[in-house]
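[1] just coords:
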Ligand code: CP
Ligand code: NVA
């Protein structure tokens, strides 16, 4: 069974194959209306379940459109509408879903839910974000970087802000794709200890971004964070806002990325988001292409 659970759980060669395939699929359908089927229909006859226990715009729509372009069908399900949200175990849900669908994508809270789904499903499971990681996002980010600035190997990537789930997948990617990752953020929001050794910390953001090829940030309050922590987090993270002054200290051709949704003028200013170094819309588009390649990889198509 080929699941896509985390970037460090897939071989580096396979990850590279996914990026190359995504890039080829993107260029093959350049300029066509979004609903036009791909020339190749690898998911013909396949049914895909897309389960969301948290809100989503990009993940939901890009997976749905991607499956359809490849000839498959989707069911978009919210956890609370399923018995999953009313006491049926994840293991039983996984066994049942496997009798109806060929592939499961799930966005959930605890990583354990994803892992149990993968353990008991007899079809591939894809991680559409948990409290701990967001691997599909970072596959799109690597694709986007390389599309604009060439191979990411050996490049300097600086993350400014919260050491959260999206950062964790960047840390896994740093090892697999061989780039240098720097975390700049408050000590109180340091990434989890399991990621130690995959990145370096530079507390001062101005120092951290010197020579950066890519500057990345994300929301200061994630979906799994309690709203009661909002003010405290904002106070801790304010000094790590990505603004024109900070971007100006990175390389002149440095890219700016944000997985979105963004809180404009909190973690990044509109000037940066809409500025010449920003590739956030390509990044969002590439979710579609990267995930199509991930689904083909999982289904061996
Ligand atoms: N970046 C991302 O995963 O966006 P959504 O929450 O809209 O899916
Ligand atoms: N860190 C954010 C990412 C959203 C795509 C969250 O988990 O809410």
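    Great, that's in hand. This is a predicted model, so every value here is computed, not measured. Residues are numbered from 1 along each chain as shown. Ligands and ions are numbered 1, 2, ... in the order given.
[2] Can you report the mean pLDDT over the residues of stretch 276-285?
    Per-residue pLDDT over stretch 276-285 has a mean of 98.
[3] I'd like the numbering to begin with 88 instead of 1 from here.
    I'll keep to 88 as the first residue from here, and by that count the last item is stretch 363-372.
[4] Quick check: end-to-end length of that stretch?
    Counting by C-alpha to C-alpha, to the nearest Å, you get 17 Å between the two ends of stretch 363-372.
[5] Mind listing what's buried along it?
    Of all the residues in stretch 363-372, those buried under the rule 16 or more other C-beta atoms under 10 Å are 364, 365, 366, 367, 369, 370, 371, 372. Using the backbone N, CA and C atoms, a C-beta is placed for each residue, glycine as well.
[6] ranges for the helices of the chain?
    Taking DSSP state H as the criterion, the chain carries its helices at 99-115, 145-156, 177-187, 198-207, 222-236, 252-264, 292-295, 317-324, 331-334, 357-360, 367-386.
[7] Helix 252-264 and the fourth one, what's the angle between them?
    Direction vectors for helix 198-207 and helix 252-264, defined by axes from the mean of the first three to the mean of the last three C-alpha atoms, to 10 degrees, enclose an angle of 50 degrees.
[8] And the pLDDT at the residue located most distally from the centre of the chain?
    When distances to the mean C-alpha position of the chain are computed (C-alpha atoms, centre = their mean), the maximum falls on residue 174, with 28.7 Å. The pLDDT attached to residue 174 in the predicted structure is 86.
[9] and the residue of the stretch 288-388 of the chain at minimum distance from ligand 1, how many neighbours does it have?
    For the stretch 288-388 of the chain, the nearest residue to ligand 1 under the criterion C-beta to the nearest ligand atom is residue 346, separated by 3.9 Å. The burial metric for residue 346, expressed as a neighbour count using other C-beta atoms under 10 Å, is 25.
[10] nearest residue to the residue nearest the centre of the chain other than its sequence neighbours?
    Among the residues of the chain, the one closest to the centroid is residue 224, at 1.6 Å (C-alpha atoms, centre = their mean). Counting by C-beta to C-beta, 6 or more residues apart in numbering, residue 346 is the residue found nearest to residue 224 once chain neighbours are left out, at 4.8 Å.
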